[in-house]
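Asks: sequence unavailable; structure follows:
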């Protein structure tokens with residue numbers, strides 16, 4: 001396997017909160033670790049508040065982590081660039097936001113949005129080359145004729161077209177990693193597949209690595225090589241996408257999949273949700289899913305489970321699988 005282009009290790013984020021005289025923290029992300037390789041797509045799935053977008057924003061250096069490491073090409077960027085983020089890092093790690101209209105300046109043309117990164121990162125020599133590069137980027141993402149599209153404003157485009165502009169802007173600096181935060185959630189169902197296919201095509205052509213964040217488990221299975229499930233700030237299960245969808249191990253993953261419409265629903269036992277998500281300000285001890293888990297054990301309320309490797313490519317964080325067979329447990 002190729003070496004990771006980006007890795008995060010034990011990434012953690014707490015947000016300060018509370019009233020005067022009482023300092024508290026929101027435990028938004030706890031001990032997240034994974035690796036992204038060239039030409040690989042990893043999907044993060046889970047309900048709102050599970051820490052998916054926080055993970056992406058930490059990697060994009062839009063937020064400072066509480067602790068952990070972000071390693072790009074074997075360099076811990078939090079140590080080499082503890083405060084200011086260099087143009088070199090920005091050129092290698094780009095982010096696509098959920099709302100394409102909100103991420104574009106409504107009073108600037110599409111051409112302007114694509115010119116800015118090229119100028120800031122000094123990727124062109126003269127005005128002619130700048131125009132040619134802008135037109136090339138528009139053609140790459142399927143916005144034609146490019147000369148006409150470059151003169152338009154964001155409000156003159158559809159949601160799918162605006163998201164393609166956002167992708168073209170990210171591609172302008174030849175990144176190695178793209179963080180796609182719910183890139184299709186605000187698009188019409190009829191045009192979502194086109195954007196997903198474009199992401200997959202660019203992965204193959206350019207060897208890009210994606211972190212794909214979504215609520216849509218079906219799109220994760222379609223697009224991602226690997227899927228990681230998050231709950232209450234923790235990564236609770238990860239596997240190859242097909243394996244995770246077909247053989248979910250963690251009770252929360254099983255709950256998520258049971259809620260997905262399925263024409264063969266009689267083949268899968270429906271799991272009813274119970275209880276509520278635990279407080280992230282004062283999280284209880286033990287597993288965060290314990291209060292909702294239909295298979296809960298007494299230890300689940302007391303001790304946070306470590307990671308159990310079910311096989312070389314499938315792991316889960318659950319007491320149900322500890323100490324059985326040849327599974328390997330790590331903390």
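Replies: Looks like it came in fine. Note that this is a predicted model, so its numbers are computed, not measured.

Asks: tell me which residues of stretch 177-188 come out buried.
Replies: Using 16 or more other C-beta atoms under 10 Å as the burial criterion, the residues of stretch 177-188 that qualify are 177-184, 186-187. From N, CA and C alone the C-beta is placed, and that goes for glycine too.

Asks: what mean pLDDT does it get?
Replies: Taken as a whole, stretch 177-188 has an average pLDDT of 91.

Asks: give me the contact list for it.
Replies: If you take C-beta atoms under 8 Å, 6 or more residues apart in numbering as the criterion, stretch 177-188 is touched by 5-6, 36, 52-53, 56, 59-60, 72, 92-100, 159-160, 163, 166-167, 170, 192, 195-196, 199, 208-216, 219.

Asks: same question for stretch 135-144.
Replies: Contacts with stretch 135-144, where a contact means C-beta under 8 Å, 6+ apart, come from 110, 114, 146-147, 149-150, 161, 164-165, 167-169, 171-172, 194, 198, 202.

Asks: buried subset of those?
Replies: For the contacts of stretch 135-144, a neighbour count by 16+ other C-beta under 10 Å gives the buried set as 110, 114, 146, 149-150, 161, 164-165, 167-169, 171-172, 198, 202.

Asks: among those residues, which pair sits farthest apart?
Replies: The distance between the two most remote of those (C-beta to C-beta) is 19.9 Å, for 150 and 202.

Asks: how many other residues sit next to residue 53?
Replies: The tally of other residues near residue 53 (other C-beta atoms under 10 Å) stands at 19.

Asks: hang on, isn't residue 200 packed against residue 223?
Replies: Yes - in this structure, residue 200 is within contact of residue 223 by C-beta atoms under 8 Å, at 6.1 Å.

Asks: same drill for the two, tell me which one is more crowded.
Replies: More crowded of residue 200 and residue 223, by other C-beta under 10 Å: residue 223, with 23 against 15.

Asks: sec struct for the nearest residue to the more buried one once chain neighbours are set aside, please.
Replies: Of all residues not flanking residue 223 in the chain, residue 196 sits nearest, at 5.3 Å (C-beta to C-beta, 6 or more residues apart in numbering). Following DSSP: H, G, I helix; E, B strand; the rest coil, residue 196 is assigned to helix.

Asks: and the gap between residue 196 and residue 222?
Replies: As judged by C-beta to C-beta, to the nearest Å, residue 196 and residue 222 stand 6 Å apart.

Asks: looking only at neighbour counts, state which of those two leads.
Replies: A direct count of neighbours by other C-beta under 10 Å for residue 196 and residue 222 places residue 196 higher, at 19 against 14.

Asks: my read is that the more buried one contacts residue 220, right?
Replies: No - using C-beta under 8 Å, residue 196 is not in contact with residue 220; the gap is 10.3 Å.

Asks: which helix or strand contains the closest residue to residue 155 other than its chain neighbours?
Replies: In this structure, residue 155 finds its nearest non-sequential neighbour in residue 106, 6.0 Å apart by C-beta to C-beta, 6+ apart. Secondary structure assignment for residue 106, by DSSP states H and E: no helix or strand.

Asks: ok, now which ones touch residue 72?
Replies: 5-6, 89, 92-93, 177.

Asks: of these, buried ones?
Replies: Using 16+ other C-beta under 10 Å as the burial test, the contacts of residue 72 include 5-6, 89, 92-93, 177 as buried.

Asks: tell me the two of those that are most distant?
Replies: The distance between the two most remote of the buried ones among the contacts of residue 72 (C-beta to C-beta) is 12.4 Å, for 5 and 89.

Asks: helix/strand/coil for residue 315?
Replies: Counting by three-state DSSP, the backbone at residue 315 sits in strand.

Asks: and for it, nearest residue in space, chain neighbours not counted?
Replies: Leaving aside its chain neighbours, residue 315 sits nearest to residue 309 (4.8 Å; criterion: C-beta to C-beta, 6+ apart).

Asks: sorry, back to before: mark which of the contacts of stretch 135-144 are part of strands, please.
Replies: Per DSSP state E, strands hold no members of the contacts of stretch 135-144.

Asks: just to revisit the earlier point, was I right about the residue nearest to residue 155 contacting residue 156?
Replies: No - contact between residue 106 and residue 156 fails when scored by C-beta under 8 Å: they sit 10.2 Å apart.

Asks: what about those two, which has more around it?
Replies: Neighbour totals were compared for residue 106 and residue 156, and residue 156 leads with 12 against 9 (other C-beta under 10 Å).
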